[in-house]
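1. coordinates for the following, if possible.
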Amino acid sequence: MIDLNLSLEEAENDIWGKPSFNSSVVINCRNARKIPMKDLTPENLRLLIGQKISLKYVIPLAIEMLEENIFCAGNFGTCDLLIQILKTDCGFWNENEELYYRMNEIMSEVSSAKENLEIALNLWNVKNM
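-> Modelled structure (predicted):
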């Protein structure tokens, strides 16, 4: 079990030095690696996953968030964490079968939500014609 009070830097025993160039992505990733894992936000996770940083730690955290709320959002809006995690290479999922099955359950929920949202939109459109 991972101690979520640790930062990614502490868990990996890998302290990143000061960035050699001024990039908001690099700076934000470096800063996120210093935050205790229990305090990482959907945006932190979205960013780290997008940069393929510490995936063995951040993807389980992201899945946990998605299991609680498939619509959770970072800075790019509703479902951006879900969209980012779905861009993860197949190799990761092949090596992490349990996480793959958890994501499969989440995607079943997404499918169900999609059907319900389509019904709601159709009802709204009919009502407002």
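
2. let me see the ranges of the strands in this structure.
-> Assigned strands in the chain, in chain order: 73-74, 77-78 (criterion: DSSP state E).

3. pick the most deeply packed of the ones you listed.
-> Compared across these, strand 73-74 shows the largest average neighbour count, a mean of 18 (mean count of other CB atoms under 10 Å). For the C-beta atoms, the positions are set from N, CA and C on the backbone; glycine is no exception.

4. run me through the strand neighbours of it, direction for each.
-> Strand 73-74 has its sheet partners listed here by DSSP bridges as strand 77-78 (antiparallel).

5. what mean pLDDT does the strand it pairs with have?
-> For strand 77-78, mean pLDDT is 87.

6. residue ranges with poor pLDDT in the chain?
-> Scanning the chain for pLDDT under 70 picks out nothing.

7. give me that answer again for 80
-> 1, 21, 127-129 (pLDDT under 80).

8. now the helices for it?
-> Ranges of helices in the chain, per DSSP state H, are 8-12, 24-32, 42-50, 55-68, 80-86, 90-95, 97-127.

9. packing partners for the shortest one?
-> This means helix 8-12. Applying 3 or more CB pairs under 8 Å, 6 or more residues apart in numbering; DSSP states H and E, we find helix 8-12 packed against helix 55-68.
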